[in-house]
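Enquirer: Predicted model and sequence below, questions to follow.
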Amino acid sequence: MFSFRSYYKKIGLYIFIFFVFFSFILFFFHKKNNIIMLNKNCNYIFEYINKDNLINVFNYIENNHNIYGFINILKLSKYYVDINELKNAEFWLKYGIRYIEDDNLKAIFSIRLVRILYQENKFIESLSIIKYFVNIDSWKYIFLNIKGDILMSIGDRDNAKKIWLYILNNDNNDFLKHLIKLKINSIY
């Protein structure tokens, strides 16, 4: 005899199994694309960047000039530094700086850019970027420290030592003071 109750139980079970299966498929699809979904406005941070998802990262960055795009630019520049393509890292950091309005975020990008330019021996361009950020109090001593490193690389030991002594006498950051003491001691 046909029972509606057992029929609806079977249909309910099949629907439940379908939803569980569909949920697993969605989970693995998102894992496969290396994307963390943050909210319903489609803002993404790529978990890691490799050559398989570079085009997705490029497209996302070009279409999103917000904090999520900028975080992905930082990850992308790190990827290029890791594979020793400093020109590409430099390009994307400059691209991000062009669209950033917040001075603190611009300073973070600029620190990375100056370090890359320093590795590429583009000292004059590095010093011109540093010149802008030395006037911002919260980033002053960090950029002066980098300026001292660049001056040492050029061979200007006296000015590097003057900058580091200025940092030592005026900054309250104990870690930076210890680092500066090591640098000053290594000059002579």
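Expert: Ah, there it is.

Enquirer: Would you mind checking which helix or strand in this protein has the lowest mean pLDDT?
Expert: When the helices and strands of the chain are scored by mean pLDDT, DSSP states H and E, strand 35-37 comes last with a mean of 47.

Enquirer: Spatially central residue in this structure, please.
Expert: Among the residues of the chain, residue 74 comes closest to the average C-alpha position under CA atoms, centre = their mean, at 2.4 Å.

Enquirer: Next up, phi/psi of it, please.
Expert: phi -60, psi -40 (degrees, to the nearest 10).

Enquirer: quick one, what contacts it?
Expert: 96, 108-109, 112 (CB atoms under 8 Å, 6 or more residues apart in numbering). All C-beta spots, glycine's among them, are computed from the backbone N, C-alpha and C.

Enquirer: show me where this structure has strands.
Expert: Taking DSSP state E to define them, one finds strands in the chain at 35-37, 44-46.

Enquirer: neighbours of residue 180, just the number please.
Expert: Applying other CB atoms under 10 Å, we find 23 residues neighbouring residue 180.

Enquirer: Would you confirm that it contacts residue 144?
Expert: No: counting by CB atoms under 8 Å, residue 144 is not a contact partner of residue 180; they are 9.6 Å apart.

Enquirer: Show me what counts as buried in stretch 112-122.
Expert: 112-118, 122 (16 or more other CB atoms under 10 Å).

Enquirer: repeat for stretch 96-115
Expert: Neighbour-count burial for stretch 96-115, with 16+ other CB under 10 Å as criterion, is recorded at 96-97, 100, 105-115.

Enquirer: Quick check: the farthest pair among these?
Expert: 100 and 115 (17.4 Å; CB to CB).

Enquirer: could you dump the buried residues of stretch 96-115 to a markdown table with distance to residue 55 and pLDDT?
Expert: Output for the buried residues of stretch 96-115, formatted as a markdown table (distance: CB to CB, whole Å; pLDDT from 0 to 100):
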| residue | distance to residue 55 | pLDDT |
| --- | --- | --- |
| 96 | 18 | 92 |
| 97 | 23 | 92 |
| 100 | 23 | 90 |
| 105 | 25 | 91 |
| 106 | 27 | 91 |
| 107 | 30 | 92 |
| 108 | 26 | 92 |
| 109 | 23 | 93 |
| 110 | 27 | 93 |
| 111 | 28 | 92 |
| 112 | 23 | 93 |
| 113 | 24 | 95 |
| 114 | 29 | 94 |
| 115 | 27 | 93 |
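
Enquirer: Distance to residue 164 added to the residues you listed, as a markdown table?
Expert: A markdown table is the format used below for the buried residues of stretch 96-115 (distance: CB to CB, whole Å):
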| residue | distance to residue 164 |
| --- | --- |
| 96 | 30 |
| 97 | 27 |
| 100 | 29 |
| 105 | 27 |
| 106 | 25 |
| 107 | 20 |
| 108 | 22 |
| 109 | 24 |
| 110 | 20 |
| 111 | 17 |
| 112 | 22 |
| 113 | 22 |
| 114 | 17 |
| 115 | 18 |
